[in-house]
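Novice: 3D model of this:
(chains A and B)
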Amino acid sequence: MGHRTALYDAHVAAGGKMVDFGGWDMPINYGSQIEEHHAVRQKAGVFDVSHMTVVDIAGAGARDYLRHLLANDVDRIEPGRALYSGMLNERAGVIDDLIVYKRDNDYRLVVNCATRETDLAWMESQAGGFAVDIQERPYLAMLAIQGPEARATLAGLLDASKADAVNRLKVFGFAEDGDWMIARTGYTGEDGVEIMLPNNDVVALWDQLLAAGVAPAGLGARDTLRLEAGMNLYGNDMDDGISPWEANMGWTLVLNDRDFIGRQALLNQQQNGHAELVGLVLEGKGVLRAHQKVILPNNEEGEITSGTFSPTLGKSIALARLPAGASGKVDVEIRNKRQPAQVVKAPFVRNGKAVYKEI
Amino acid sequence: MSEIPAELRYASSHEWAKNDDGTVTVGITEHAQDAMGDLVYVELPEVGQVVAAGDEAGVVESVKAASDIYAPVSGEIVEINEALEDEPELVNNAPYEGGWLFKIAMSEETDLDNLLTADQYQAQIESE
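Specialist: So this is what the prediction gives:
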């Protein structure tokens, strides 16, 4: 038996099909992954993401520590704002991707569950010389409420001050109310919020959301939604042998205002060239999947890192790591046959609409 | 509990087979479609293709994975369910009716004896 979130019984009661995910028993779907996907694109869905690891970084050295630890710069944001960053090794490989929330006196990080132990060990190993206190917060549950109607429906269930936060937050802004942290962030390409709240509070909120018509959505829909949104999945699209340049994360790098772990390797790679992570839309038959081979017109090769059928577009889509400058038509090898695909710039879908551009 | 019609025979790889005077209709079981989740693509054999029992004869792909389909009996493919090209979800919604995959003109009647009965198939999925 794996770890269980505070919502385990609620998932089973809602018909959740439970699977192992990074040592946690989590719902893959509640009947139909595609219906859950459409619910998030068209109305509202709720995901239990309590398996993710919440780590608070406090102390007089917290700012300097995070500017050393992360490839994005926490000085780019004001308190009350969140930032997406990679945490790199010296070779600029991505140890993990994370969200950092900047509070008045400290910082909160949310990292992946599958990388929890390596992340915590790395963070501890890099803390020497900094006055920081690193604390995991296992008593917090986390819900992602996503979709065009998500914020309005949620606000109707909360007390006035929390509802006000939900209504007023800007994208990537957050607010705290007692033990609750409410952030206008997500992993779906739709509007919505993520809420960290005590395990003791989460079942009541979950029940209210379902009663208000918000669809429970599982890890399956979470994956198709994030892929349509062109968002990376750690372990698929990047890992500790892949740099941000090779994972379409160049926009998260702040290279020239300080030294940080992996900076020199990033500068070297920037100069010497590197593969790129791009989108593919399948024009032939089948479904794009991770590890399928991509063949360019000049016979250079690349590989799909994540692939699926896009419920919104009705086509198969993928992220693929290809040689620099790849564009136009390519072939993908599916069951020993070549199928044509178009190289595109992700995201594929934002706010319910197709937005990808051919390159 | 998933439905396992008593009048059909079953392969351990989760296909069902229904014999009508030597023409065997093939599909995947309720249990198999439920385990795969929403189907989004079905690749069927060609009409006229000759298959031996146990040969790969198609692929069903759900949102999460691809799964090979094996011919439960030997013979020639005589019909395929063309509706599945546009509506692969028929396999989820009606695995024993509108979601059938293909029909085989059976060359070896005894192939049917090598398949599982409904009770045997039930016992197999309970032990998985």
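Novice: can you map out the helices along the chain?
Specialist: If you meant another chain, say so; for now it's chain A. Here chain A has its helices, by DSSP state H, at A:8-13, A:33-42, A:62-69, A:116-125, A:150-155, A:160-168, A:199-211, A:219-228, A:263-272.
Novice: that's the other chain; I wanted chain B
Specialist: Using DSSP H, the helices of chain B run over B:30-36, B:90-93, B:118-127.
Novice: isn't B:L115 up against B:Y10?
Specialist: Yes: with contact defined as Cβ atoms under 8 Å, B:L115 reaches B:Y10; the gap is 5.9 Å. Any C-beta I mention is one placed from the backbone N, CA and C, and that applies to glycine too.
Novice: report the separation between the most centrally placed residue in chain B and B:N114.
Specialist: In chain B, the residue lying closest to the centroid (Cα atoms, centre = their mean) is B:G27, at 2.6 Å. Distance, B:G27 to B:N114, using Cβ to Cβ, to the nearest Å: 18 Å.
Novice: about what we covered before: mean pLDDT, distance to A:E117 and mean neighbour count added to the helices of chain B, as a markdown table?
Specialist: Written out in a markdown table, the entries for the helices of chain B read as follows (pLDDT from 0 to 100; distance: least, Cβ to Cβ, whole Å; neighbours: other Cβ atoms under 10 Å in any protein chain shown):
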| stretch | mean pLDDT | distance to A:E117 | mean neighbour count |
| --- | --- | --- | --- |
| helix B:30-36 | 94 | 31 | 19 |
| helix B:90-93 | 96 | 38 | 19 |
| helix B:118-127 | 95 | 35 | 13 |
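Novice: do you know which of the ones you listed lies nearest B:E43?
Specialist: If you check each of those against B:E43 by Cβ to Cβ, helix B:90-93 wins as the nearest, at 12.3 Å.
Novice: hmm, back to that, what touches both of B:L115 and B:Y10?
Specialist: Contact criterion Cβ atoms under 8 Å, 6 or more residues apart in numbering or on different chains; residues bridging B:L115 and B:Y10 by contacting each: B:A17.
Novice: compare neighbour counts for those two and give me the winner.
Specialist: Neighbours were counted for B:L115 and for B:Y10 using other Cβ atoms under 10 Å in any protein chain shown; B:Y10 has more, 25 against 21.
Novice: A:S316: which of the helices of chain B is closest?
Specialist: For the helices of chain B, the distance to A:S316 is smallest for helix B:30-36, at 16.2 Å, taking Cβ to Cβ.
Novice: residues contacting the residue in chain A that chain B sits nearest to?
Specialist: Distances from chain A to chain B, computed as Cβ to the nearest Cβ, single out A:F309 as the nearest residue at 3.9 Å. The contact partners of A:F309, by Cβ under 8 Å, 6+ apart, come to A:T224, A:V287, A:K315, A:S316, A:I317, B:V40, B:Y41, B:E61, B:V63.
Novice: quick one, grab the pLDDT at the residue nearest to it when sequence neighbours are not counted.
Specialist: Taking Cβ to Cβ, 6 or more residues apart in numbering or on different chains as the measure, A:F309 lies nearest to B:V40, with 3.9 Å between them; neighbours along the chain are not counted. On the pLDDT scale, B:V40 is placed at 94.
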